[in-house]
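Novice: sequence plus the predicted model coming up.
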Amino acid sequence: MESELKSINPQPADQQPEPEPDDSPLLKSDPKTPEPETQIPVSSQTVEEMEQKYAAYVRHDVYGTMGRAELPLTEKILLGLGLVLLLPIRVVAGTIVLVSYYLICRVCTAFLAPNTEDEQEDYAHMGGWRRAVIIQSGRFLSRVLLFVFGFYWIVETRLNNEIEELLDNETASGDQSQTEDSERPGAIISNHVSYLDILYHMSSSFPSFVAKRSVAKLPLVGLISKCLGCVYVQRELKASNFKGVSGVVNDRIREAHQSPSAPKMMLFPEGTTTNGDYLLPFKTGAFLAKAPVLPVILRYPYHRFSPAWDSISGVRHVVLLLSQFVNHIEVTRLPVYHPSEQEREDPKLYAENVRKLMSHEGNLIRSDIGLPEKRIYHAALNGNISMPTVLHPKAD
């Protein structure tokens with residue numbers, strides 16, 4: 001990035017320029033048009049360069065970058081019809097589904113105390129009919145919600161049906177053979193394209209996710225996340241006996257690998273969403289437990305609006321998504337990946353080899369950028385490229 005930092009402060013012609021500290025913005029402005037220091041517009045050439053550099057986050061649908069492109073007349077008519085005919089019905093139907101599942105979770109967890117081990121809070125470890133009802137109704141209603149959102153068909157390619165049967169067998173007996181134990185994955189690994197990924201995985205395998213602590217306090221969604229067994233990020237706890245999210249996730253992965261009744265872990269190792277055509281570098285958290293993983297690849301084919309959540313605000317994305325008459329999703333489930341001895345000792349190698357496999361099988365382009373670059377791209381789109389927090393993003 002340092003090569004792109006150039007001073008843009010103009011000097012009077014009759015004065016000799018004096019050396020000044022280099023505090024110029026990240027993106028170059030048009031040299032022909034001086035601009036105030038507080039706001040630096042991006043020239044068309046710079047936009048092209050920026051889109052090449054941050055290609056994993058660039059939208060290519062009719063609605064364009066940030067969903068604000070000028071629409072053709074035909075698309076305006078279709079969008080208007082969707083806003084009037086589809087959006088209200090889908091909002092009401094989606095709310096009914098969400099409230100219904102919340103009530104089911106409320107009934108199934110009545111008079112029960114959540115599991116508070118490792119400073120977490122969940123109901124995923126309870127057994128019996130309560131757990132069975134939560135799982136089966138959760139999977140069914142998640143699929144119903146996807147249907148409400150316009151995903152009428154889901155094209156799934158399963159390359160290893162035997163492993164899928166093991167994953168779906170939540171009520172299996174405890175005397176599983178040693179072969180089945182070794183085949184059972186400890187975690188499901190998926191590329192991350194949209195918040196819709198969570199709904200699909202809930203409908204498919206009902207796993208636990210990693211979420212912010214604030215999610216547990218949200219109305220309706222908070223209780224549902226506890227029933228999923230989400231692992232909450234708690235940045236404020238620094239006690240010496242506190243495992244941290246990585247430690248809890250590793251324990252959960254080992255537990256899921258060893259026990260068929262344990263809640264499964266679902267992880268997005270990229271750490272953020274893309275436009276669906278790229279695969280970002282994987283974080284190693286999902287691979288530290290040395291357990292086998294099940295790679296899953298999600299794609300969202302589109303004709304007009306891309307369901308990918310990349311450079312568009314949440315509210316605008318939901319409104320445009322619910323205004324589309326039909327949405328599509330394609331899923332490819334790869335065989336369980338068993339790490340070699342070398343991969344067990346080197347989580348980075350393990351993560352990179354799984355990434356290469358997913359990239360090859362899903363026809364995804366491997367990119368070297370990550371969340372910090374995404375923040376820079378978003379800030380540039382919003383005209384905040386001179387903010388210190390953008391130029392020096394925090395490490396994640």
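Specialist: Received the coordinates, thanks.
Novice: the strand or helix carrying Ala132 packs against which elements?
Specialist: With secondary structure defined by DSSP states H and E, Ala132 is part of helix 128-148. Contacts defined by 3 or more C-beta pairs under 8 Å, 6 or more residues apart in numbering; DSSP states H and E place helix 128-148 against helix 87-108, helix 196-204, helix 221-228. Glycine gets a C-beta too; all of them are placed from N, C-alpha and C.
Novice: just want the angle from that helix to helix 196-204.
Specialist: Counting by axes from the mean of the first three to the mean of the last three C-alpha atoms, to 10 degrees, helix 128-148 lies at 130 degrees to helix 196-204.
Novice: residues in contact with the next helix or strand after helix 128-148?
Specialist: Later in the chain than helix 128-148, the nearest helix or strand by DSSP H and E is strand 154-158. Strand 154-158 has contacts (C-beta atoms under 8 Å, 6 or more residues apart in numbering) with Leu146, Glu164, Tyr200, His328, Ile329, Glu330, Val331, Thr332, Arg333.
Novice: and the least confident of those?
Specialist: The lowest pLDDT within the contacts of strand 154-158 belongs to Glu164, with 50.
Novice: longest strand in this protein, by residue count?
Specialist: For the chain, the strand that runs over the most residues, judged by DSSP state E, is strand 293-299.
Novice: run through the neighbouring helices and strands of that strand.
Specialist: So strand 293-299, by 3+ C-beta pairs under 8 Å, 6+ apart, packs with strand 187-190, helix 196-204, strand 329-333, helix 347-362.
Novice: out of these, which is the most enclosed?
Specialist: With neighbours defined as mean count of other C-beta atoms under 10 Å, the helices and strands packed on strand 293-299 peak in mean count at strand 187-190, which reaches a mean of 25.
Novice: for that strand, which strands pair with it and how are they oriented?
Specialist: Sheet partners assigned to strand 187-190 using DSSP bridges are listed as strand 265-267 (parallel), strand 293-299 (parallel).
Novice: any chance of these in JSON lines, plus mean pLDDT, mean neighbour count and distance to Leu159?
Specialist: Formatted as JSON lines, the strands paired with strand 187-190 follow (pLDDT from 0 to 100; neighbours: other C-beta atoms under 10 Å; distance: least, C-beta to C-beta, whole Å):
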{"stretch": "strand 265-267", "mean pLDDT": "94", "mean neighbour count": "27", "distance to Leu159": "18"}
{"stretch": "strand 293-299", "mean pLDDT": "96", "mean neighbour count": "22", "distance to Leu159": "10"}
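Novice: of all those, which one is nearest Val315?
Specialist: Closest approach to Val315 among the strands paired with strand 187-190 (C-beta to C-beta): strand 293-299, 22.7 Å.
Novice: mind listing what's buried in the next helix or strand after the closest one?
Specialist: Counting by DSSP H and E, the next helix or strand C-terminal to strand 293-299 is helix 314-322. Buried positions in helix 314-322, judged by neighbour count with 16 or more other C-beta atoms under 10 Å: His317, Val318, Val319, Leu320, Leu321, Leu322.
Novice: for those, work out which two are farthest apart.
Specialist: The widest separation within the buried residues of helix 314-322 (C-beta to C-beta) is 9.6 Å, between His317 and Leu322.
Novice: common neighbours of these two, please.
Specialist: With C-beta under 8 Å, 6+ apart as the test, His317 and Leu322 reach no residue in common.
Novice: and Asp310, what does it touch?
Specialist: Ala56, Tyr57, Val58, Arg59, Thr273, Thr274, Asn275.
Novice: how close does it sit to Gly276?
Specialist: Remark: distance between Asp310 and Gly276 (C-beta to C-beta, to the nearest Å) = 8 Å.
Novice: could you do Ser100 as well?
Specialist: Separation of Ser100 from Gly276 (C-beta to C-beta) stands at 30 Å.
Novice: who's more crowded, those two?
Specialist: Neighbour count, other C-beta atoms under 10 Å: between Ser100 and Gly276, Gly276 has more, with 24 against 13.
Novice: so that one: helix, strand or coil?
Specialist: In three-state terms, and counting by DSSP: H, G, I helix; E, B strand; the rest coil, Gly276 is coil.
Novice: for Gln342, which non-adjacent residue is closest in space?
Specialist: The shortest distance from Gln342 to any non-neighbouring residue, by C-beta to C-beta, 6 or more residues apart in numbering, is to Leu349 (6.5 Å).
Novice: pLDDT weak spots in the protein?
Specialist: Within the chain, the segments meeting pLDDT under 70 span 1-45, 47, 160-182, 234-243, 384-396.
Novice: most centrally placed residue in it?
Specialist: His192 (4.0 Å; C-alpha atoms, centre = their mean).
Novice: and it, what is it in contact with?
Specialist: Per C-beta under 8 Å, 6+ apart, neighbours of His192: Phe268, Glu270, Gly271, Thr272, Thr273, Thr274.
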